[in-house]
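>>> here you go, sequence then predicted model.
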Amino acid sequence: MNSVEPQSSPQQKAGAFLRGTLAVLPLTLAVVPWGILAGSFALEVGLTPLESQAMSAIIFAGSAQLVALGMIKAGIGLGSILVTTLLITSRHLLYAMAMRSQISPLPLGWRLGLGFLLTDELFAIANQGKQHKFDPWYALGGGLSFYLGWNLATLLGIVAGRSIDNLGELGLDFAIAATFIALVIPTVKKPSILVCVLVSLTLAVVCALFEVQAGLLIAALCGMTSGVVYARLTGESDMPGTQADRSPEAGAAHEEHDA
């Protein structure tokens with residue numbers, strides 16, 4: 001499909017951008033403690049304030065940043081840090097694959113920009129399924145505002161880390177778990193999704209206990225596979241309740257076919 005520039009008026013673009021910003025705002029606020037922890041921990045590891053801020057500005061991956069900082073503090077080599085970071089952020093490849101059909105028609109600049117801004121939070125608000133039209137300005141508003149929020153939180157952590165001792169002992173890391181819980185729970189609308197979540201959760205915990213570096217990727221793949229298998233074995237996709245998940249056009253076509 002050829003790349004096309006999003007066609008809309010300036011008012012429509014601004015409106016979509018604002019809606020995206022507002023949609024991601026609760027998640028942006030939820031990760032503020034996480035960003036503060038990342039900024040303060042970077043100073044504790046030995047990075048300068050500029051390096052600490054640059055880490056959030058360039059890498060822009062909270063879990064990967066915290067794990068990488070912990071490995072730097074432990075004196076682990078660069079190669080191991082890069083491999084571990086790759087495994088942790090590999091879920092973004094799955095996000096990109098899920099959104100490929102929506103983003104691939106866009107010009108290169110849009111694809112690169114949204115690709116850099118793609119996070120768990122942006123995926124949660126922008127990937128609404130085929131029944132919703134993808135709006136790049138909505139995604140840009142959500143992604144860019146979240147990026148700015150994360151970096152401002154990091155800056156706050158850098159400032160606080162230089163004036164408050166033992167900031168990491170305040171339990172700010174709970175924000176990580178709270179954010180992902182807030183992302184996952186609203187999506188559990190079918191038994192197959194519940195199976196996917198439970199399998200992923202169980203395997204993630206098991207892999208963490210046995211210190212399996214690729215545990216997150218293993219848990220994600222097994223969870224998705226189990227959800228798909230459950231849906232096919234139970235015929236969930238053919239149940240009447242799934243009619244609501246179809247687009248209006250698909251629903252009308254189905255009713256016409258039944259008639």
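Ah, there it is.

>>> switch to C-alpha atoms for all contacts and neighbour counts from now on
OK.

>>> neighbours of residue 84, how many?
18 (other CA atoms under 10 Å).

>>> okay, buried residues for the helix or strand where it lies please.
Following DSSP states H and E, one finds residue 84 within helix 78-88. Neighbour-count burial for helix 78-88 flags 81, 84-85, 87-88 (criterion: 16 or more other CA atoms under 10 Å).

>>> quick check: angle from the helix or strand just after it to helix 78-88?
Remark: after helix 78-88, the chain's next helix or strand is helix 91-103, criterion DSSP H and E. For helix 91-103 against helix 78-88, the angle between stretch directions is 50 degrees (axes from the mean of the first three to the mean of the last three CA atoms, to 10 degrees).

>>> looking at residue 203 now. What's its pLDDT?
We have a pLDDT of 93 for residue 203.

>>> so how many other residues sit close to the residue lying closest to it once chain neighbours are set aside?
Of all residues not flanking residue 203 in the chain, residue 219 sits nearest, at 5.1 Å (CA to CA, 6 or more residues apart in numbering). By other CA under 10 Å, the residues close to residue 219 number 23.

>>> give me the distance from the helix or strand encompassing residue 219 to the chain's centre.
Assigned by DSSP H and E, residue 219 belongs to helix 215-234. Chain-centre distance of helix 215-234: 18 Å, with CA atoms, centre = their mean, to the nearest Å.

>>> tell me the buried residues in that helix?
215-221, 223-228, 230-231.

>>> so what does the residue nearest the centre of the chain have for phi and psi?
Centroid-nearest residue in the chain: residue 120, 0.6 Å away (criterion: CA atoms, centre = their mean). Here is the backbone geometry of residue 120 (degrees, to the nearest 10): phi -60, psi -40.

>>> kindly report the same for residue 213.
As for residue 213, its main-chain torsions (degrees, to the nearest 10) stand at phi -60, psi -40.

>>> residue contacts, it?
84, 87, 207 (CA atoms under 8 Å, 6 or more residues apart in numbering).

>>> rewinding a little: and the gap between the residue nearest to the centre of the chain and residue 178?
Counting by CA to CA, to the nearest Å, the separation of residue 120 from residue 178 is 13 Å.

>>> can you check residue 26 too?
Noted for residue 26: a distance of 12 Å to residue 178, by CA to CA.

>>> and for residue 154?
The gap separating residue 154 from residue 178 is 18 Å, by CA to CA.

>>> got it, and residue 90?
Using CA to CA, residue 90 is found at 21 Å from residue 178.

>>> also residue 152?
Taking CA to CA, one finds residue 152 at 20 Å from residue 178.

>>> tell me how many other residues surround residue 37.
Neighbourhood size, residue 37 [other CA under 10 Å]: 28.
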